[in-house]
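In: this is the structure alone, sequence omitted:
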């Protein structure tokens with residue numbers, strides 16, 4: 001799917017009228033003629049832009065095997081889109097690590113599909129910033145990993161190629177949208193993976209698949225070269241078998257990138273060096289509102305409660321806390337995600353108004369694909385775009401704006417609670433993994449795709465770091481404990497999770 005050739009031309013009178021109508025204008029004949037003349041002169045400058053080469057990041061480590069699509073006999077969980085090999089430096093903190101990437105992450109020369117029919121055959125020409133950092137650290141990238149179609153589901157069953165199966169029990173789905181990342185790590189097909197998180201898409205599959213998934217503080221890890229849904233809530237982070245590996249990967253990928261408009265100041269720490277295995281170092285606030293949701297399974301709440309009781313017996317300080325506004329977090333996230341995703345799609349997936357790298361190739365491919373194949377969008381994305389456009393047009397952005405304001409208040413409420421404890425604790429998801437069922441209706445698919453966001457989505461709005469760590473089972477299926485900390489204090493979140501993990505390994 002190569003970039004389209006230059007094709008700047010003056011608009012027809014009908015196209016001028018259509019553009020004006022989009023902005024609620026009704027041009028007179030005289031206005032139309034005057035504008036046509038001025039536009040024709042203005043576009044001479046655009047012809048010069050076509051003549052200039054694009055200015056994009058250089059690609060290092062140019063020896064690459066673009067790979068192949070594995071069949072079911074090799075990939076029984078449907079975790080991979082592509083198996084490939086891109087070798088990094090000869091040594092470094094990730095030397096010897098095989099790394100898989102969610103299929104939203106640019107790897108030059110390797111197909112990227114976003115889990116969708118729309119992008120089959122699309123091959124980026126640039127590497128995401130985190131890809132360069134991983135390769136510099138000695139990693140070998142061995143796969144692009146499956147995901148929910150364009151990342152708009154949490155269930156793990158809505159990839160264009162079918163469900164991604166749970167590595168703990170293949171009768172169940174892995175969770176999404178970073179479904180392949182969880183399945184590949186959980187099955188040992190890769191050592192570590194990178195996932196993306198806009199509503200819980202790192203933490204949900206980590207919880208359901210029995211691995212560790214860390215959503216960093218918003219902006220800590222650069223998102224340059226990764227296809228996103230909304231700049232205010234796009235996150236990328238590590239998915240691993242252990243907390244220590246999450247810390248090791250975060251050491252490599254975190255930090256300032258002048259090409260990412262999502263970032264401001266980006267303080268970092270030595271995340272591996274900050275790890276402690278002593279539960280006595282941890283003060284946990286158990287968030288009352290994180291339990292007992294309408295969608296909660298009693299066995300999940302009980303498993304997390306038992307795990308926290310065991311952590312307390314091991315020496316952690318555990319106390320109850322209440323943040324009543326947490327119960328409004330999902331509604332706030334919904335209002336933000338709905339209209340911001342709609343605007344992102346309308347802006348060809350690259351957006352506007354920030355200083356940094358704009359992926360011209362992706363904008364071109366995305367724009368052509370959605371104009372030709374929008375009927376192939378995932379059901380949940382279709383619903384979001386319809387609703388988002390209606391709300392933007394009918395209510396003039398009121399609900400998006402108010403939700404963003406309320407998101408700041410929600411963040412302040414969490415901050416106040418975190419003044420008293422090191423981390424907040426709650427179930428990552430209110431239920432365990434869904435059983436595989438390929439006969440569900442459209443409405444059932446939507447419900448199953450979005451039924452597990454109560455605890456994860458609010459922290460995508462506020463940007464607090466949050467990790468899911470295995471906390472036992474419910475009815476034989478994995479359960480995740482989520483720990484949340486102060487913004488840019490990912491070190492405390494990882495250290496607390498490491499202490500919990502150590503206590504679990506010791507039998508609590």
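Out: In hand now; what should we look at? Given the structure is predicted, the values throughout are model-derived calculations rather than measurements.

In: quick one: residue 76 from residue 302, how far?
Out: As judged by CB to CB, to the nearest Å, residue 76 and residue 302 stand 32 Å apart. Where you see a C-beta, it was placed from the backbone N, CA and C, and this is true even at glycine.

In: give me the neighbour count for residue 313.
Out: By other CB atoms under 10 Å, the residues close to residue 313 number 12.

In: what are the ranges of the helices in the chain?
Out: 13-22, 29-51, 129-136, 179-187, 203-209, 243-253, 298-313, 329-346, 360-373, 379-395, 398-418, 442-450, 457-462, 490-505 (DSSP state H).

In: deepest-packed of those helices, please.
Out: helix 203-209 (a mean of 36; mean count of other CB atoms under 10 Å).

In: from what I can see residue 81 touches residue 144, true?
Out: Yes. Contact status for residue 81 versus residue 144: in contact at 4.7 Å, counting by CB atoms under 8 Å.

In: who touches both of these two?
Out: 103, 111, 113 (CB atoms under 8 Å, 6 or more residues apart in numbering).

In: that older thread, out of the helices of the chain, flag the one nearest residue 59.
Out: Taking CB to CB, helix 129-136 is the member of the helices of the chain nearest to residue 59, at 8.4 Å.

In: what's the closest non-adjacent residue to residue 159?
Out: residue 115 (4.6 Å; CB to CB, 6 or more residues apart in numbering).

In: please report how far the residue lying farthest from the centre of the chain lies from residue 36.
Out: Most distant from the centre of the chain: residue 30, at 48.7 Å, with distances by CA atoms, centre = their mean. Distance, residue 30 to residue 36, using CB to CB: 11 Å.

In: again, but for residue 411
Out: 48 Å.

In: with residue 316 instead?
Out: From residue 316 over to residue 36 (counting by CB to CB), the distance is 71 Å.

In: kindly report the same for residue 292.
Out: Counting by CB to CB - residue 292 and residue 36 are separated by 63 Å.

In: all strands of the stretch 101-250 of the chain, in order?
Out: 140-145, 192-197, 212-215, 235-240 (DSSP state E, counting those that start in this stretch).

In: tell me the most buried of those strands?
Out: strand 212-215 (a mean of 32).

In: pull the distance from that strand to the chain's centre.
Out: 11 Å (CA atoms, centre = their mean, to the nearest Å).

In: mind listing what it pairs with, with the direction of each?
Out: strand 235-240 (antiparallel), strand 466-474 (antiparallel) (DSSP bridges).

In: if we can go back for a sec, want to throw the helices of the chain into JSON lines with mean pLDDT and distance to residue 267?
Out: Listed next are the helices of the chain as JSON lines, based on pLDDT from 0 to 100; distance: least, CB to CB, whole Å:
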{"stretch": "helix 13-22", "mean pLDDT": "94", "distance to residue 267": "42"}
{"stretch": "helix 29-51", "mean pLDDT": "93", "distance to residue 267": "37"}
{"stretch": "helix 129-136", "mean pLDDT": "98", "distance to residue 267": "17"}
{"stretch": "helix 179-187", "mean pLDDT": "98", "distance to residue 267": "26"}
{"stretch": "helix 203-209", "mean pLDDT": "98", "distance to residue 267": "23"}
{"stretch": "helix 243-253", "mean pLDDT": "98", "distance to residue 267": "13"}
{"stretch": "helix 298-313", "mean pLDDT": "98", "distance to residue 267": "28"}
{"stretch": "helix 329-346", "mean pLDDT": "97", "distance to residue 267": "25"}
{"stretch": "helix 360-373", "mean pLDDT": "96", "distance to residue 267": "30"}
{"stretch": "helix 379-395", "mean pLDDT": "95", "distance to residue 267": "34"}
{"stretch": "helix 398-418", "mean pLDDT": "98", "distance to residue 267": "16"}
{"stretch": "helix 442-450", "mean pLDDT": "93", "distance to residue 267": "34"}
{"stretch": "helix 457-462", "mean pLDDT": "98", "distance to residue 267": "17"}
{"stretch": "helix 490-505", "mean pLDDT": "97", "distance to residue 267": "10"}
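
In: closest to residue 57 out of the ones you listed?
Out: Short answer: helix 129-136, nearest of the helices of the chain by CB to CB, at 7.6 Å.

In: what helices or strands is the closest one leaning on?
Out: strand 140-145, helix 243-253 (3 or more CB pairs under 8 Å, 6 or more residues apart in numbering; DSSP states H and E).

In: let's see that with 7 Å instead.
Out: The contact analysis (3 or more CB pairs under 7 Å, 6 or more residues apart in numbering; DSSP states H and E) places helix 129-136 against helix 243-253.

In: now the angle from the helix it packs on to strand 192-197?
Out: Put simply, helix 243-253 runs at 70 degrees to strand 192-197, going by axes from the mean of the first three to the mean of the last three CA atoms, to 10 degrees.

In: so what touches helix 243-253?
Out: By CB atoms under 7 Å, 6 or more residues apart in numbering, the residues outside helix 243-253 that reach it are 93-94, 130, 133-134, 137, 192, 212, 214, 216, 221, 238, 240, 270-272, 275, 469, 490, 494, 497-498, 501.

In: ok, 8 Å please
Out: 92-94, 130, 133-134, 136-137, 139, 191-192, 194, 212-214, 216, 220-222, 236-240, 270-272, 274-275, 467, 469, 490, 494, 497-498, 501.

In: give me the nearest residue to residue 342, chain neighbours excluded.
Out: residue 388 is the one closest to residue 342 (CB to CB, 6+ apart), at 2.9 Å.

In: go ahead and confirm the one you found touches residue 336.
Out: No. Assessed by CB under 8 Å, residue 388 is found out of contact with residue 336, at 10.4 Å.

In: columns distance to residue 149 on top of the helices of the chain, output as CSV?
Out: Shown next, in CSV, are those (distance: least, CB to CB, whole Å):
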stretch, distance to residue 149
helix 13-22, 28
helix 29-51, 33
helix 129-136, 22
helix 179-187, 11
helix 203-209, 15
helix 243-253, 25
helix 298-313, 27
helix 329-346, 13
helix 360-373, 12
helix 379-395, 7
helix 398-418, 24
helix 442-450, 10
helix 457-462, 19
helix 490-505, 30
